[in-house]
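Participant: no letters, just coordinates:
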C-alpha cells in the first residue's frame, strides 16, 4: 500500500487545474443570474441561465463518455476546458441576454466534456485499491470552490463591478487550460496501457459484450454503461435531496422565521471536506457498506433536520449531517461505478454516473416543486428523505444479489 501513492505530480496538477475551473464555475453561478436581472430580465429568464447550462451538460454526457473512451482523455479534456474558457471570456464583453444564453449553452457543453475526461483520467491515475479515497480527495477542490467562488464573485461585483468579476472568472479558466498542457504525456501513457489491455486475448474474447459493438444492442446500452448504471441509479435517488435543498431550503427557513440560512451551506461544505478526506480510508479498512450505509443515514437525518428546524442551530447541524453523509456516499458510489466497468469503458462509466447526478437535479427540482405546490414546502424534505432512504434499500438489494460490493 505504501507504493500505491495517490498524490503523484499529474494528480496534483489535475486537482489544481480543475480547482480553478470549479472556482470560475461557482463565481459564474453567483454572477450570471444577478447580471441577467440587472439587465432588466425577469426572474424566470434568469432561471433559464442555469437551465440552459445544465441541459447542455446533460445532453453532452453520453457523447462525452464515448469520446473519452474513443478519442482519449487528453484531447476531450483540453477541448472541453478550452470551450469553457472561451465562453467565460464572452461574459467580459457585457453580452445582451440572448447572447448570454448562447454562452451558457457553450459553457455547459465544455463543462460536460471536461468533467467526464478529468474524472476518467483521475481514476486512471488513482490506484484501484484506493479509488474511493482518491475520488474523495479530488472532490475537496470542489468543496473549496463552493466556499470561495460565490464569496469572491460577489465581493468583486460589489467593489469593481461585473466586468472585473467576470474577468477574474475568465482568468481562472485561462490558467486552468495552461495547467493541463503538461498532462499530455501522462494521458498518452494511460491511453497506451488501455490499448494494450484491450489487445490481450482475454479482452478480445470479451469484445462482443462491449456496448455499441453489436448493432442489435438497444440504444440505451450505447449511452449507459451496462455495469455502472447500478451505482448510478443509487446516486440518482440521493441527488433528489440536493435538488430540494438548493431550490427550497432558503425560502423554507425564512418562512419559519430563521435568518442566516446560508450558514447551512457553510456547515455542510466544511463537513463535506472532512468526510471526503476520511471516508476513503474508512472504506479500505471496514468495507463499502460500513461507509455507504451510515453516509446515507446521515443524509436522511440532515433532510429531516431541515424539515423540523426550530432554529438556526438545528439548521446548521442538519447541514453538517448532510455534508458528512454526501462526502461519504458520493465518492464511494463513484468508485463503485468506475470499478464496475473495465478500463476501456471508464469514460462511459463516468458519464453514466454524472448523467445520473445531472438528471436527478434537473428532474428533482421540477418534481419536488410540484410536491411543494401540492403539500407545502416542508413536504419537499420529507419526500427527499424517503427517496434517500429508498436508495439504501436499492443498494442493499444489489449487494445481496451480488451485483454490487
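Facilitator: Perfect, thanks for sending it. Being a predicted model, the structure only gives us computed values, none of them experimental. Numbering: from 1, shown residues only.

Participant: can you pull the contacts of the closest residue to residue 91 other than its chain neighbours?
Facilitator: Nearest residue to residue 91, sequence neighbours excluded (Cβ to Cβ, 6 or more residues apart in numbering): residue 166, at 4.0 Å. No exception for glycine: its C-beta is placed from N, CA and C like everyone else's. The contact partners of residue 166, by Cβ atoms under 8 Å, 6 or more residues apart in numbering, come to 28, 31, 88, 91-92.

Participant: cool, and residue 338?
Facilitator: 123, 131, 228, 346, 349-350, 353.

Participant: for residue 289, the count of nearby residues, please.
Facilitator: 16 (other Cβ atoms under 10 Å).

Participant: excluding its backbone neighbours, what's nearest it?
Facilitator: Using Cβ to Cβ, 6+ apart, the closest residue to residue 289 is residue 399 (6.7 Å).

Participant: and the one you found, how many neighbours?
Facilitator: 16.

Participant: mind checking the SS state of it?
Facilitator: helix (DSSP: H, G, I helix; E, B strand; the rest coil).

Participant: check the gap between it and residue 317 for me.
Facilitator: Distance, residue 399 to residue 317, using Cβ to Cβ, to the nearest Å: 30 Å.

Participant: which residue in the contacts of residue 166 has the weakest pLDDT?
Facilitator: Least confident by pLDDT among those: that is residue 31, with 84.

Participant: you'd agree that one is up against residue 163?
Facilitator: No - between residue 31 and residue 163 there is no contact under Cβ atoms under 8 Å: 10.7 Å.

Participant: tell me which of those two has more neighbours.
Facilitator: Using other Cβ under 10 Å as the criterion, residue 31 and residue 163 rank with residue 31 on top: 22 against 13.

Participant: now residue 138: closest residue in space that isn't a chain neighbour?
Facilitator: Residue 138 sits nearest to residue 122 (Cβ to Cβ, 6+ apart), 5.4 Å away.

Participant: how far does the host helix or strand of that neighbour sit from the chain's center?
Facilitator: Secondary structure assignment for residue 122, by DSSP states H and E: helix 97-125. Taking Cα atoms, centre = their mean, to the nearest Å, one finds helix 97-125 lying 11 Å from the centre of the chain it belongs to.

Participant: can you list the low-confidence ranges for this protein?
Facilitator: Counting by pLDDT under 70, the chain contains low-confidence ranges at 1-3, 43-44, 47, 195-222, 405.

Participant: middle-most residue in it, spatially?
Facilitator: residue 354 (6.2 Å; Cα atoms, centre = their mean).

Participant: now do the host helix or strand of it: which elements does it pack against?
Facilitator: In this assignment (DSSP H and E), residue 354 forms part of helix 346-375. Applying 3 or more Cβ pairs under 8 Å, 6 or more residues apart in numbering; DSSP states H and E, one finds that helix 346-375 contacts helix 43-71, helix 97-125, helix 229-255, helix 312-340, helix 378-400.

Participant: of all those helices, which lies closest to residue 18?
Facilitator: Smallest distance to residue 18 across the helices and strands packed on helix 346-375 (Cβ to Cβ): 5.3 Å, for helix 97-125.

Participant: give me the buried positions along the helix or strand following that closest one.
Facilitator: Tracing the chain C-terminally past helix 97-125 and defining elements by DSSP H and E, one meets helix 131-160 next. Residues of helix 131-160 classed as buried by neighbour count (16 or more other Cβ atoms under 10 Å): 131-150, 152-153, 156-157.

Participant: now helix 131-160 and helix 97-125, what's the angle there?
Facilitator: Orientation check (axes from the mean of the first three to the mean of the last three Cα atoms, to 10 degrees): helix 131-160 against helix 97-125 gives 150 degrees.

Participant: just give me how far helix 131-160 sits from the chain centre.
Facilitator: So, by Cα atoms, centre = their mean, the centroid of helix 131-160 is 13 Å from its chain's centroid.

Participant: show me what that helix is packed up against.
Facilitator: helix 9-38, helix 97-125, helix 162-180, helix 262-286, helix 312-340.

Participant: what is the orientation angle of it with helix 9-38?
Facilitator: Going by the same axes, to 10 degrees, helix 131-160 makes 40 degrees with helix 9-38.

Participant: if we can go back for a sec, could you check how far the residue nearest to the centre of the chain is from residue 170?
Facilitator: Distance of residue 354 to residue 170, given as Cβ to Cβ: 25 Å.

Participant: and residue 189, by the same measure?
Facilitator: Taking Cβ to Cβ, one finds residue 189 at 32 Å from residue 170.

Participant: how about the residue nearest to residue 68 when sequence neighbours are not counted, what does it touch?
Facilitator: Excluding its sequence neighbours, the residue lying closest to residue 68 (Cβ to Cβ, 6+ apart) is residue 347, at 3.0 Å. Residue 347 sits next to 64-70, 73, 76, 116-117, 120 when contact means Cβ under 8 Å, 6+ apart.

Participant: cool, residue 394 as well?
Facilitator: Taking Cβ under 8 Å, 6+ apart, one finds 233-234, 237 in contact with residue 394.

Participant: how about a cut-off of 6 Å?
Facilitator: residue 234 (Cβ atoms under 6 Å, 6 or more residues apart in numbering).

Participant: same deal with residue 124?
Facilitator: Counted by Cβ under 6 Å, 6+ apart, residue 124 has contacts residue 190.

Participant: and the gap between it and residue 306?
Facilitator: For residue 124 relative to residue 306 (Cβ to Cβ), the value is 38 Å.

Participant: please apply the same query to residue 380.
Facilitator: 9 Å.

Participant: what does residue 188 give?
Facilitator: Taking Cβ to Cβ, one finds residue 188 at 47 Å from residue 306.

Participant: what are the phi and psi values for residue 256?
Facilitator: phi -100, psi 10 (degrees, to the nearest 10).

Participant: phi and psi next, for the residue lying closest to it once chain neighbours are set aside.
Facilitator: Nearest residue to residue 256, sequence neighbours excluded (Cβ to Cβ, 6+ apart): residue 309, at 6.7 Å. The phi/psi pair for residue 309 (degrees, to the nearest 10) reads phi -30, psi 110.
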